[in-house]
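Asker: sequence first, predicted model second:
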Amino acid sequence: MSQVTASLRLKTKRLELIAGTSELLRAETSDRERFARLLEARVHPAWAQELDYQEVMGSMAQRLEDAPDEVGWWGWYFVLHYRLTGHRTLIGNGGFKGPPDDEGTVEISYSLLPPYRNKGYTTEAVEALVTWAFQHPEVTQVIAEAQPGNMASVRVLQKAGFNEMGPGSQRNHIRFELNRVAYSR
């Protein structure tokens, strides 16, 4: 059985989120057809294959080979499932920037291909990832950062229950937070 078959998968109303494994990450950067087969989804022609992106994916694949228990704490693929036709299309990705730190904090990020934005898919994916994170007792809060001018991203975080907490770690970014107590309400 391949890693992908045994990988973490989350299902929402319209999406399947598939946790990135070293097998998936390596296929993404080296064999697009295999990548699509492993996801059981069409890979949109606009899916990024930039050189620096490939280097990051290779580094992340190596990390997951060295620490397979961290699958789920890094990248996830967002696959749109058309229930009527059964077709599946990779529309975005996101996830966390690593396992929880010593204080129980994880940071979430996300990205969707332009044709799929403003349809609620990102909010659906973020809510599923937040739910998954809080199923782990060591997670006390999920944070995110967004640029104030990126109203779509700000709205996603607000809809998912995040609160604005002030300046982010990068210039011109706002920090958002959702702690376990607020999530439980």
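Answerer: Happy to help now that I have it. Numbering: from 1, shown residues only.
Asker: ok, Glu124 - contacts?
Answerer: 12-15 (C-beta atoms under 8 Å, 6 or more residues apart in numbering). The C-beta positions use only the backbone N, C-alpha and C, and glycine is treated the same way.
Asker: ok, and the most crowded of the residues you listed?
Answerer: For the contacts of Glu124, the largest number of neighbours (other C-beta atoms under 10 Å) sits with Leu15, at 21 neighbours.
Asker: farthest-separated two in the contacts of Glu124?
Answerer: Longest distance between any two of the contacts of Glu124 is 7.5 Å, between Lys13 and Leu15; criterion C-beta to C-beta.
Asker: next step: the contacts of Glu124 restricted to strands.
Answerer: Leu15 (DSSP state E).
Asker: next, format the contacts of Glu124 as CSV and append distance to His173 and pLDDT.
Answerer: As requested, the contacts of Glu124 are exported to CSV (distance: C-beta to C-beta, whole Å; pLDDT from 0 to 100):
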residue, distance to His173, pLDDT
Thr12, 27, 97
Lys13, 30, 95
Arg14, 29, 97
Leu15, 26, 97
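Asker: which among the contacts of Glu124 gets closest to Tyr82?
Answerer: Distances from Tyr82 to the contacts of Glu124, taken by C-beta to C-beta, are shortest for Arg14, at 8.6 Å.
Asker: so how far is Leu8 from that closest one?
Answerer: Arg14 sits 18 Å away from Leu8, going by C-beta to C-beta, to the nearest Å.
Asker: other residues contacting the lengthiest helix in the chain?
Answerer: Secondary structure of the chain per DSSP state H: the longest helix is helix 51-66. Here helix 51-66 makes contact (C-beta under 8 Å, 6+ apart) with 20-22, 25-26, 28-29, 70-71, 74-75.
Asker: pull the CA atoms of the worst-scoring helix or strand of the chain on mean pLDDT into PDB?
Answerer: Lowest by mean pLDDT, DSSP states H and E among the helices and strands of the chain is helix 51-66, with a mean of 82. Extracted in PDB, the C-alpha atoms of helix 51-66 (Å, rounded to 0.1, in the frame of the first residue of the first chain):
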ATOM      1  CA  LEU A  51      12.100  26.200  -9.200                       C
ATOM      2  CA  ASP A  52      12.100  27.600  -5.600                       C
ATOM      3  CA  TYR A  53       8.800  25.800  -5.000                       C
ATOM      4  CA  GLN A  54      10.400  22.500  -6.100                       C
ATOM      5  CA  GLU A  55      13.300  23.100  -3.700                       C
ATOM      6  CA  VAL A  56      10.900  23.700  -0.800                       C
ATOM      7  CA  MET A  57       8.800  20.600  -1.700                       C
ATOM      8  CA  GLY A  58      12.000  18.500  -1.900                       C
ATOM      9  CA  SER A  59      13.100  19.700   1.500                       C
ATOM     10  CA  MET A  60       9.600  19.000   3.000                       C
ATOM     11  CA  ALA A  61       9.600  15.500   1.500                       C
ATOM     12  CA  GLN A  62      13.000  14.800   3.100                       C
ATOM     13  CA  ARG A  63      11.600  16.000   6.500                       C
ATOM     14  CA  LEU A  64       8.600  13.800   6.200                       C
ATOM     15  CA  GLU A  65      10.800  10.800   5.300                       C
ATOM     16  CA  ASP A  66      12.900  11.500   8.400                       C
END
